[in-house]
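In: Sequence first, then the predicted structure:
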Amino acid sequence: MARSWTFRLVSLTLANVLLPLAVLVFAIGFFPYKPLLPGLATFQDDETSSSDSQGGLRPEPVFDRVIFMVVDALRSDFVYGYHSGFGFTQSLVRTGAALPFTAHASPPTVTMPRIKALTTGSVPSFADLISNLDESSPSSGAALAAQDSWLAQIKAQGGKLVFYGDDTWLRLFPSAGFFERAEGTASFLVSDFTEVDHNVTRHLPSELQRHDWNAMILHYLGLDHIGHKTGPQGPQMLPKQTEMDGVVQQIYEAMERESHLKNCLLVLAGDHGMNAGGNHGGSGPGETEPALVFVSPKLRSEDERLGMARQGNECPTSPKEGTEFHYYRKVEQSDIVPTLAGLMGFPIPRNSLGVFIRELAEVLWDDSQSQAQIMWQNARQVLGIVEAAFGGEGFGREVRRWRECWAAVGGDECGVGGEGGEVRALARLWGRVEEGVDGTTAVPDAQLSLAFLETSQEILSGAASSYDVPRLLQGILISVAAFVLAVLSSPSLWPPSTAGVVFTATSLLYAIMVFASSYVEEEQHFWYWVLPAWMTLFTIKSVIRSPQRKQKLRSFFAGVVVVAVHRLAIRWNQTGQKHTGEPDVVHGFFPEHHVDLWLLILATYGYNCWMLAGRTFLDLLPGGLAAMTAVVLTVPAVVFKLNFTHADAPELVRDLAFRIRMWSSSYSLVSQAQVTFALLAVATVTVVALAVGLARGTELARKDGPAVNVTLAERLHYLLTLLLITQSRAANIPLFLGLALQARAVRYLLHSGTSMDGPNEQRRRNAMVSIPELAMTTLLLSHTYFFCAGGSNSISSVDLSNAYNGVGDYSVVAVGILLFTSNWNGPIWWCSAAVLMTFSKPAVPEREVVHKAGGESRSWIKEERAKLRQDALAVRSSGGSQQQPSGSWLWYVSLMTAFIASGMLAVMIACTLLRTHLFIWTVFSPKYLYAMAWCVGWHLLVNIGFGSALRQLGSRA
């Protein structure tokens, strides 16, 4: 039974209002901010009932200064492997002047959350990933400035801090005067391999001579930038490692030479690693395993003083058996915080979950008592977090219960098993620690404290206890309501069409496969296989319904074109987890054939320029002026892309267009992008104004008016294409030729068998196409091209290179829009193409408009409007007023809403049921973030917002 148009509209509106509400409610329950203990820790916080003074329970500090050198994306093998450029650092490891570790960086492996772990010792929330992109957010910085950290502790002790490097630190610690001296380097342009690091190193000689600082933080970005652009095996990687090793040597020699640096500790750390493709953000091999090295001449001198014959560690070396990047012992990044606190003699920050790295205690303190004191201080600090997490009274009750059981039974079975197993296990371990204190010594054995610390770290680092399950269920229920309303907004469910059955089956299969972590990581294969399967079925249907043999052959050829282009496109970029870094067209062919790449790029720009002149400005501007305007729009875009690519990926440009690059070098990339965007904005406003003005007062302005040779939607489509090309990586620009070719083929398949040769049909504005076929094809092509361009469900695949085009002063709105358009350019393009396919072409080829020389400047427009009025009268007299049933675009949006709602619902259920899964934060959480982007960004803003506006404009002008 067909439903009324009003009922469908109300249902669809409610469904799309509920979708973002469901996303928000579920996200609040899934990504809660963990409660933090306020204030700065003091030694008085750790006092116990022992009659001994607190000062007697702390060993003397070993260091009074620290140089904290962060090399962004410093993967462990870059330092410890056989093909490393860190030759001097490796010599320090061999001689015992450096202690090496592999640090574990929990996902998300992006800079801001990792800095939080390195400075506070806490486990950052996965929601910090969003803050990592919001460089102007006060909350992203103020939240950390208000937290306890080893930097804040040094400041509280009267120390002074200096900083040089990634300006993320300045946003995280924005208080005036927090750093005595500081200079940040912007990380906007990842093609900067040299200046971004030279601006840090140039301060070193003077700072190493100064006596007025207690901590110097250096954050180098160049190695990370090289990884993003050329991968870990790129030609610039080894020289950059050698450069960073030179910085280590410069610092170490100063520590040996300068008397004020004799008690200085150098910490060389990576904030995260990188995968085989040079990216990071997820939990793939290499992303979570950065290097960590503690360096000081005192490490070797202490051995010599104690008469120890330790010769350090073998270096270079191989990773542990069965691993790729696990060298030496693996520690948590948060372990750096209590280690620095113990070595420098300040309180451990209150929210730290770190465990003092015992190797340093064994080397720097020769007595077991000092080692036990360090671990005891650490255990008391972590106890505060345990009591805050599980309740002080409840935890104390469990400890007393364990004591009673221990006194009665005296076995380790006390406190094991039953409900609240985690709390009972921690209570048992803490009871054992207190038993050590109640004995003959005021400090328990270090092993007892260490057992409590490591178990607490493992339990409290997990996120299972922080889920707000009622919120999760509310989000799921709201999604169910949105899905039901989306289904009800369809005109009818019976009888089912072939496209409708395939659409339903695809949605169901997609929802089921979301529950498999391996599928989520390799989702592209689902779309890569479903699209050719559907196109085969679609082509067969089109051939069958085509009335003439010639049309049948054309339909068959159109289907072959779509599949052939698809086969080439899926080889363009290797994506997913298993095949990242393997050869593909972009990384394997174009670097060696850069001339071929630019021929394809120029062909793409040239084709779009031709369409701008022949379609966008048709009848709005005289022929010569239209061509000139199209060139004026295109040339600045080409020049900007040429210069941007030379800066971003110089191996793709080399010596091409040297004079053009020299001529335009006086203009910044920001200015060039701003000119391109400004010209597009002016052209868009002008085209809309002229097209609407031309149609005003004619039959064309009516809803469902007669067909025209070019609709306003089509005019804007080629301006949109130029914008999306500008927001694409250079190597992906030729994909737009494939997009255009596939769109023409799909349009023919959709219109096959609909009497396109009939004069009445061609004169109707709304084309008689199957909306389920259109929705199914657009859905598959949109997702396919998202992955073909290099996208995946991993945070590491987010392309930031075009997110700052034209951005001078940071704007979260501008960067957000640019980031979305650069990563979803294919899906956005197909939304616009889908709108164009809902319009038909006129039966009679358009007459060329002849402009009178020397006549009135607007006379040709008057003539064209008179012609349009006559054509409209001819349409009505010939019966062309018959239209496609109203609500075709509404049906299209209904189908898209149903798919998005069902997919969102499946992801929510999967995240809820698998919230204790090993891969919840590495696979399913990023998938939820991507599902949010597809739902809010692509569906609500692009399909419904932009697509509906484009459809409305196309139906009126």
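Out: All right, it came through fine.
In: pLDDT weak spots in the stretch 801-950 of the chain?
Out: By pLDDT under 70, the weakly predicted segments of the stretch 801-950 of the chain are 810, 841-887.
In: Okay, helices next: where are they in it?
Out: Assigned helices in the stretch 801-950 of the chain, in chain order: 812-823, 825-836, 859-877, 888-913, 925-932, 948-956 (criterion: DSSP state H, counting those that start in this stretch).
In: Mean neighbour count, the ones you listed: which tops it?
Out: helix 825-836 (a mean of 25; mean count of other CB atoms under 10 Å). The way it works is simple: take the backbone N, C-alpha and C, and place the C-beta from them, glycine included.
In: Can you identify each of the strands in the stretch 301-450 of the chain by residue range?
Out: 330-332 (DSSP state E, counting those that start in this stretch).
In: Nearest to residue 269, out of the helices of the stretch 801-950 of the chain?
Out: helix 925-932 (24.3 Å; CB to CB).
In: Which elements pack onto the closest one?
Out: Applying 3 or more CB pairs under 8 Å, 6 or more residues apart in numbering; DSSP states H and E, we find helix 925-932 packed against helix 5-30, helix 888-913.
In: okay, these in JSON lines with distance to residue 588 next?
Out: Output for the helices and strands packed on helix 925-932, formatted as JSON lines (distance: least, CB to CB, whole Å):
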{"stretch": "helix 5-30", "distance to residue 588": "38"}
{"stretch": "helix 888-913", "distance to residue 588": "33"}
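In: quick one, which of those is nearest to residue 180?
Out: Comparing these under CB to CB, the one sitting nearest is helix 5-30, at 39.6 Å.
In: next structured bit after the closest one?
Out: strand 65-71 (DSSP states H and E).
In: which SS state does residue 490 fall under?
Out: The assignment at residue 490 comes out as coil when based on DSSP: H, G, I helix; E, B strand; the rest coil.
In: got the contact list for it?
Out: 3, 8, 891, 894, 895, 898 (CB atoms under 8 Å, 6 or more residues apart in numbering).
In: If we ignore the residues flanking it in sequence, what's nearest the fourth one?
Out: If I follow you right, that is residue 894. In space, and not counting its chain neighbours, residue 894 is closest to residue 489: 4.3 Å by CB to CB, 6 or more residues apart in numbering.
In: circling back to that earlier point, of the helices of the stretch 801-950 of the chain, which approaches residue 114 most closely?
Out: helix 925-932 (16.0 Å).
In: Work out the gap between that closest one and the centre of the chain.
Out: Centre-to-centre, helix 925-932 and its host chain are 10 Å apart (CA atoms, centre = their mean, to the nearest Å).
In: From residue 781, how far off is residue 382?
Out: 53 Å (CB to CB, to the nearest Å).
In: Neighbour count for those two, which is higher?
Out: residue 781 (28 against 25; other CB atoms under 10 Å).
In: ok, and that one, which helix or strand is that part of?
Out: Going by DSSP H and E, residue 781 is in helix 771-788.
In: That helix versus helix 825-836: what angle between them?
Out: 160 degrees (axes from the mean of the first three to the mean of the last three CA atoms, to 10 degrees).
In: Helix 771-788 - contacts with which helices or strands?
Out: Applying 3+ CB pairs under 8 Å, 6+ apart, we find helix 771-788 packed against helix 498-513, helix 524-545, helix 549-569, helix 735-751, helix 825-836, helix 888-913.
In: From the chain's centroid, how far away is that helix?
Out: 22 Å.
In: Any idea how many residues pack against the closest residue to residue 618 other than its chain neighbours?
Out: The shortest distance from residue 618 to any non-neighbouring residue, by CB to CB, 6+ apart, is to residue 710 (5.3 Å). Neighbours of residue 710 under the rule other CB under 10 Å: 22.
In: Next, residue 710: secondary structure please.
Out: Applying three-state DSSP: residue 710 is coil.
In: re the thing from before, can you give me the angle the helix holding residue 781 makes with helix 549-569?
Out: Helix 771-788 runs at 30 degrees relative to helix 549-569, counting by the same axes, to 10 degrees.
In: which one of the contacts of residue 490 is nearest residue 825?
Out: Distance to residue 825 across the contacts of residue 490 (CB to CB) is lowest for residue 895, with 22.6 Å.
In: Confirm for me that the closest one is in contact with residue 777.
Out: No: using CB atoms under 8 Å, residue 895 is not in contact with residue 777, being 11.4 Å away.
In: Go ahead and name everything in contact with whatever helix or strand residue 518 lives in.
Out: Element membership for residue 518 (DSSP H and E) is helix 517-521. Residues outside helix 517-521 that contact it (CB under 8 Å, 6+ apart) are 513-514, 526, 576-578, 792-794, 917, 919, 923-924, 927.
In: if we can go back for a sec, contacts only, for the residue nearest to residue 894.
Out: Here residue 489 is in contact with 3, 8, 9, 11, 12, 15, 890, 894, 897 (criterion: CB under 8 Å, 6+ apart).
In: ok, it to residue 14 distance?
Out: 9 Å.
In: Also residue 945?
Out: For residue 945, the distance to residue 14 - CB to CB - is 17 Å.
In: For the two, indicate the residue with more neighbours.
Out: Ranked by neighbour count (other CB under 10 Å), residue 945 and residue 14 place residue 14 first, with 17 against 11.
In: Residue 484 is in contact with the more buried one, correct?
Out: No: checked against CB under 8 Å, the pair residue 14 and residue 484 is beyond contact range at 9.9 Å.
In: quick one: the strands in the stretch 151-300 of the chain?
Out: Under DSSP E, counting those that start in this stretch, the stretch 151-300 of the chain gives strands at 161-166, 181-185, 215-220, 264-269, 291-295.
In: With distance to residue 359, mean pLDDT and mean neighbour count as added columns, please give those in CSV.
Out: CSV is the format used below for these (distance: least, CB to CB, whole Å; pLDDT from 0 to 100; neighbours: other CB atoms under 10 Å):
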stretch, distance to residue 359, mean pLDDT, mean neighbour count
strand 161-166, 27, 94, 24
strand 181-185, 32, 89, 17
strand 215-220, 22, 96, 25
strand 264-269, 14, 96, 24
strand 291-295, 9, 96, 26
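In: With that, I have no additional questions.
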